[in-house]
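A.B. asks: A predicted structure for the sequence below; I have some questions about it.
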Amino acid sequence: MSAGTRSEHYPVGIAGVSLREIERRVGPDEAPPLPPNAQLRTVGQSAPRVNGRAKVTGQARFTVDVTLPGMLHARLLRSPYPHARILSLDAGPAERHPGVRAVHLIDHAIGRAREIADPGPAAPTGRRMLYVGDPIAAVAAVTPQEAQAALDLIQVVYQPLPFVIDLEDARKADAPRVFERAVHSESFGEPAPQLPQHGNVHGPDLSASRGNAAAGLNAAEVLVEAEFRTQVQTHCCLEPHALVADWRDEGLTVYISTQFTAGIRAELAEAFGLPLSRVRVLVDAMGGGFGSKSRVGQYVLSAVELSRRAHAPVRLALDRHEEQIDSGHRPSTVQRIRLGARRDGTLTGVSIDAYGTAGVALGAGVGNFAQSIYECAHFALAQSDVFTHAGPGAPMRAPGNVPGAFAYEQIIDELAERLGMDPLALRERIDASPVRREERRAGAERIGWSRRRPPGSDPGTLKHGLGMAQSHWPALIQTNSACEVRILRDGSVEVRSSVQDIGTGVGTVLAQVVAEELGLAPEQIAVRIGDTDFAAGPPSYGSRTSASITPPARNAAYRALRQLIENAAPSLGAAPEALAARDGRICTADGRRSLSFREAAALLRTDEISVVASRSDDYGGFGHRMGDAAMARKGLGGVQFAEVAVDTETGRVLIERVVAVQDCGRPLNPRQIESQVHGGILQGISYALYEERILDAHTGRMLNPNLEQYKILRSRETPTIEVHVLEHYQGESATDAYGIAEPSIIATAPAVANAVYNAIGVRMRALPMNPAAILAALGRVPQPSGPP
Amino acid sequence: MLKKIPPDSPRCAHRPAHDIVGPGAAPITLVVNGIARALSIVPATTLAEALREQLALTGTKVACDRGACSACTVWLDGAPVCACMVLAIDVGDREVTTIEGLAQNGPLHPVQSAFIAHDAIQCGFCTPGLIMSCAALLAHTPDPSESQVRAALGGHLCRCGTYPHVIAAVLDASRRGRSRP
Ligand code: FES
Ligand code: FES
């Protein structure tokens, strides 16, 4: 027990199910335990979005809306070939084109796997282009049209080289190589232990394995085995990747559509040799990222470089075609799974062999889903990346776990059927999570699971089915995450952090948490975020934002309030400890003596009180630390149920209803959480049924690089969705809040697939389950020949 | 401001042949949110570009620039159109209404209020376009069925998946509209 800590009692468990208290030692500056939501005024209520009015009136300022005086417009020249060497390049005519202010020839590509023994910057001539759309050069001109016209004047002579697009072809020993040398291994952009590389195959990574899977499988009484395939999905953020870079002698300012202002600042400072204090990164409204706007891409470096050379602000926004071919995607996977069990369902051994392609990048793994969700002592996972001449993948909403769950939650259902067990009963046996137990119970009741019939029960052409699947996602926390709360002398309050709102509504929950602590209403809190001039906050990825930024926000508010109260206590003739903030007043416990919040603020000696707090460690300790981040000891679980109808004549799958039961710790704003869960489910259905990037094997070009031939779910395919969010307390931080974005998408595709199986009695082991695939599976049309 | 369009009205204003302009910039006048605005544009300029780049009305969003997502929806004489698929020069004297014109310093349009109340917003990039279509729907069909709402939104892409809340918001705004005296 370290000095200065104090003992507190925290609510733990699921409200209405298992709520109790535990004792924790916490630091002296921690805000006292927050009671369950039922006892709170603001936290746990569906406060309207703080930027709602701006967003419905068109006033919200997105990066693409930013214009600066003298701003230039940039465009990128991209490779038309999937694999080619640049024999010569003449940018002279472009440089001389009227209106052109700067030309930048890219000499060192980023945003892809990095070769070991990288020779460093090369002359643009001699560089190899690795995919259709690989950036070659950038031009800044006074209008976008002139920039485009100048690009067309750049004379490039290419030597086309053999290329490989198909995943299976790329694995062959004689396949054209994407990289000439081995590349650095990494995991989510962080360095990882070096893996073997043969040809285009990087891996296998065996690090998730435990026990002796072969022995476990040998000991099985029942064995199931299957191969699953998932496709490439593109992010399709509605706002394109965009920035305005403004390089000046005094420093660099960048307005950018990003999920991590502080991270972009650090990357740009390093790339351009600037001190952090001379780089400012801002984002106001942000039009979606889903993982693809997490880091600095080539387009960002090019725009900054053009601004530096032109001595003017430069705007660069990708068009939709560029978005589709070069802004990231969810990699494809092939997963061969063998599952051994005893007759009672206990898993004896699991072996998964997985590979996939993220084009010229790493990251085609299957996440930590199978290794984490069910108990099994003997588990083997081998996963490899296969390089192809295609644009780089990027993390996309629950990377790895989405394709991983699609396969694993189906084979668990296959095992249940072989054992003659109900899918819920099997999970009861193998899933140790008390949270998912409650979620299964609540979800089964809501969907009416008892109505479920044997597969293929409907006699007609329209066949109905019920299915379910579970999710697991690690609860991540950015420990490098800070927030400032200011109380000003007129009683106004500001919460400030570089954290950005990418559509989740983090600004609103910050206002709620601070308002709760100060006894004010959320609309009285000015939310100033998305600017690295404020305290450096967390990224908006990995479903870690609320868990990382709301505890320091509450602690900062708590400490600022202590100062306000200490200063006001003499005027009230009360001891500071006897005073609290309630209903806009600072008052004694009996309410007899009080000052309005504004009156108390007017007593300040200085214009403001400012407190910056950073994320404390979880009270019970972390599972493990990873640089600026950490993983909580327990993960986040969810369970989803789907009710579908399959038209066996047309092959169409119609989702009729989805029930989602989710855990995100303490729910801070239920309606915003519901919005995010809708998003997860709808993206999950879209992935399951419609979306697929199609590359032409003969040219390496994407055949559907737009928003009409790349099929995405819209309003008419949207089912009825019922969302039930547990109120789950763990006593780990000042707010006990966790994320929901990623947990809400993982179970959707397998729940749909299990429901489709229940409807038609045929397993769909590949995505997307579009009409052609359904009809082929039903034997109504021939199976497509060879891999797509 | 919202006019019903007679069924036989032409889809685009045809200019007489002698009036052909370009390829350089040409002067035009657009009536936007009730105000006549003079501007000079090259003939290839879309209405979306004219609004965003010339008139600084950036509430109208462009996500695909080819009629595939409806993010750029504005009204021409009260009818929703994709502003990326209309040339500014073809607008003629039709009245343009953008998201900025829906509430113009006054109270929010019922659809806007309902979007806030139902949290029919996530990132908000698709939101202005959705609101223009939903408000146009209610102007012509004050009491839509749920499937009429879905159909009216059919051309819109919301990657964040706000559809359930959008549908609820529109139905709620329609109920409120009906209960008004
Ligand atoms: S931007 Fe006009 S329809 Fe997509
Ligand atoms: S709210 Fe983000 S695209 Fe609709």
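C.D. replies: That came in fine, so what should we check first? Ligands and ions are numbered 1, 2, ... in the order given.
A.B. asks: can I assume B:Cys134 sits in a helix?
C.D. replies: Yes. B:Cys134 forms part of a helix when assessed by DSSP: H, G, I helix; E, B strand; the rest coil.
A.B. asks: that one: how many residues sit nearby?
C.D. replies: 30 (other CB atoms under 10 Å in any protein chain shown). From N, CA and C alone the C-beta is placed, and that goes for glycine too.
A.B. asks: so who does A:Ile22 touch?
C.D. replies: Counting by CB atoms under 8 Å, 6 or more residues apart in numbering or on different chains, A:Ile22 makes contact with A:His9, A:Tyr10, A:Val12, A:Gly731.
A.B. asks: go ahead and confirm the second one touches A:Tyr729.
C.D. replies: Yes. Taking contacts as CB atoms under 8 Å, A:Tyr10 lies within contact range of A:Tyr729: 7.0 Å.
A.B. asks: what about those two, which has more around it?
C.D. replies: A:Tyr729 (25 against 22).
A.B. asks: tell me where chain B has helices.
C.D. replies: Counting by DSSP state H, chain B has helices at residues B:47-49, B:99-103, B:110-117, B:127-140, B:146-152, B:163-179.
A.B. asks: of all those helices, which one comes closest to ligand 2?
C.D. replies: Nearest to ligand 2, of all these, is helix B:127-140, at 5.8 Å by CB to the nearest ligand atom.
A.B. asks: any idea of the angle that closest one forms with helix B:110-117?
C.D. replies: Counting by axes from the mean of the first three to the mean of the last three CA atoms, to 10 degrees, helix B:127-140 lies at 130 degrees to helix B:110-117.
A.B. asks: overlap of the contact sets of A:Tyr10 and A:Tyr729?
C.D. replies: Common neighbours of A:Tyr10 and A:Tyr729 (CB under 8 Å, 6+ apart) are A:Asp736.
A.B. asks: which ones among the contacts of A:Ile22 are found in strands?
C.D. replies: A:His9, A:Tyr10, A:Val12 (DSSP state E).
A.B. asks: looking at these, which is nearest A:Asn480?
C.D. replies: Minimum distance to A:Asn480 across these is 24.6 Å, recorded for A:Tyr10 (CB to CB).
A.B. asks: the residue lying closest to the closest one once chain neighbours are set aside: how many residues sit nearby?
C.D. replies: Among residues not flanking A:Tyr10 along the chain, A:Gly731 sits closest, at 3.0 Å (CB to CB, 6 or more residues apart in numbering or on different chains). Close neighbours of A:Gly731, defined as other CB under 10 Å, add up to 21.
A.B. asks: and A:Gly731, how far is that from A:Val514?
C.D. replies: 21 Å (CB to CB, to the nearest Å).
A.B. asks: re earlier: can you put the helices of chain B in TSV and add distance to A:His104?
C.D. replies: Shown next, in TSV, are the helices of chain B (distance: least, CB to CB, whole Å):
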stretch	distance to A:His104
helix B:47-49	26
helix B:99-103	36
helix B:110-117	42
helix B:127-140	34
helix B:146-152	45
helix B:163-179	41
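A.B. asks: got the domain ranges for the chain?
C.D. replies: I'll assume chain A. A:27-60+A:477-629, A:400-475+A:634-777 (automatic domain parsing).
A.B. asks: not what I meant, chain B
C.D. replies: Domain assignment of chain B by automatic domain parsing yields the ranges B:26-102, B:110-179.
A.B. asks: of all those, which lies closest to ligand 1?
C.D. replies: It's domain B:26-102; of the domains of chain B, that one is closest to ligand 1 (CB to the nearest ligand atom) at 3.2 Å.
A.B. asks: quick check, that closest one touching ligand 2?
C.D. replies: No. Domain B:26-102 does not reach ligand 2 (CB under 6 Å from any ligand atom); its nearest approach is 8.0 Å.
A.B. asks: so is that domain next to chain A?
C.D. replies: Yes. Domain B:26-102 lies within reach of chain A by CB under 8 Å from any CB of the partner chain, at B:52, B:56-66, B:68-69, B:71, B:98-100, B:102.
A.B. asks: ok and the residue in chain A nearest ligand 1?
C.D. replies: A:Leu707 (6.9 Å).
A.B. asks: the closest residue in space to A:Ala317 that isn't next to it in sequence: what's it in contact with?
C.D. replies: Leaving aside its chain neighbours, A:Ala317 sits nearest to A:Ala242 (3.7 Å; criterion: CB to CB, 6+ apart). For A:Ala242, the contacting residues are A:Thr63, A:Val64, A:Ile256, A:Ser257, A:Arg315, A:Leu316, A:Ala317, A:Leu318, by CB under 8 Å, 6+ apart.
A.B. asks: for A:Ala242, phi and psi?
C.D. replies: phi -160, psi 150 (degrees, to the nearest 10).
A.B. asks: that one and ligand 2, how far apart?
C.D. replies: According to CB to the nearest ligand atom, to the nearest Å, A:Ala242 stands 15 Å off from ligand 2.
A.B. asks: need the pLDDT of that residue.
C.D. replies: You'll see A:Ala242 listed with a pLDDT of 98.
A.B. asks: same thing with B:Leu2?
C.D. replies: 45.
A.B. asks: what of A:Met71?
C.D. replies: If you check A:Met71, the pLDDT there is 98.
A.B. asks: neighbours around it, how many?
C.D. replies: Counted with other CB under 10 Å, A:Met71 comes out at 17.
A.B. asks: next one: the one 10 residues further on
C.D. replies: Applying other CB under 10 Å, we find 20 other residues in the vicinity of A:Tyr81.
A.B. asks: for A:His698, see how far away it is.
C.D. replies: Taken as CB to CB, the span from A:Tyr81 to A:His698 is 12 Å.
A.B. asks: quick one: the helix or strand of chain B with the lowest mean pLDDT to helix B:127-140, angle?
C.D. replies: For chain B, using mean pLDDT, DSSP states H and E, the weakest element among its helices and strands is helix B:163-179, scoring a mean of 92. Counting by the same axes, to 10 degrees, helix B:163-179 lies at 40 degrees to helix B:127-140.
A.B. asks: spatially nearest residue to A:Leu488 (excluding sequence neighbours)?
C.D. replies: When the adjacent residues along the chain are set aside, A:Leu488 lies closest to A:Glu608, with 4.8 Å between them (CB to CB, 6+ apart).
A.B. asks: ok, now which ones touch that neighbour?
C.D. replies: Contacts of A:Glu608 (CB under 8 Å, 6+ apart): A:Arg486, A:Ile487, A:Leu488, A:Arg489.
A.B. asks: list the ones among those that fall in strands.
C.D. replies: Counting by DSSP E, the contacts of A:Glu608 place A:Arg486, A:Ile487, A:Leu488 in strands.
A.B. asks: quick one, grab the pLDDT at the most centrally placed residue in chain B.
C.D. replies: The centre of chain B sits closest to B:Val74, judged by CA atoms, centre = their mean, with a distance of 1.6 Å. With respect to pLDDT, B:Val74 scores 98.
A.B. asks: what of A:Ala630?
C.D. replies: 96.
A.B. asks: how deep is it tucked in, by neighbour count?
C.D. replies: By other CB under 10 Å, the residues close to A:Ala630 number 23.
A.B. asks: same question, A:His698
C.D. replies: Count around A:His698 with other CB under 10 Å applied: 8.
A.B. asks: contacting residues around it?
C.D. replies: No contacts exist for A:His698 under CB under 8 Å, 6+ apart.
A.B. asks: that one and A:Asp326, how far apart?
C.D. replies: 20 Å.
A.B. asks: the nearest residue to A:Arg128 once chain neighbours are set aside: neighbour count?
C.D. replies: Excluding the flanking residues, the one nearest A:Arg128 by CB to CB, 6+ apart is A:Arg85, at 5.3 Å. Residues within reach of A:Arg85, counting by other CB under 10 Å, total 15.
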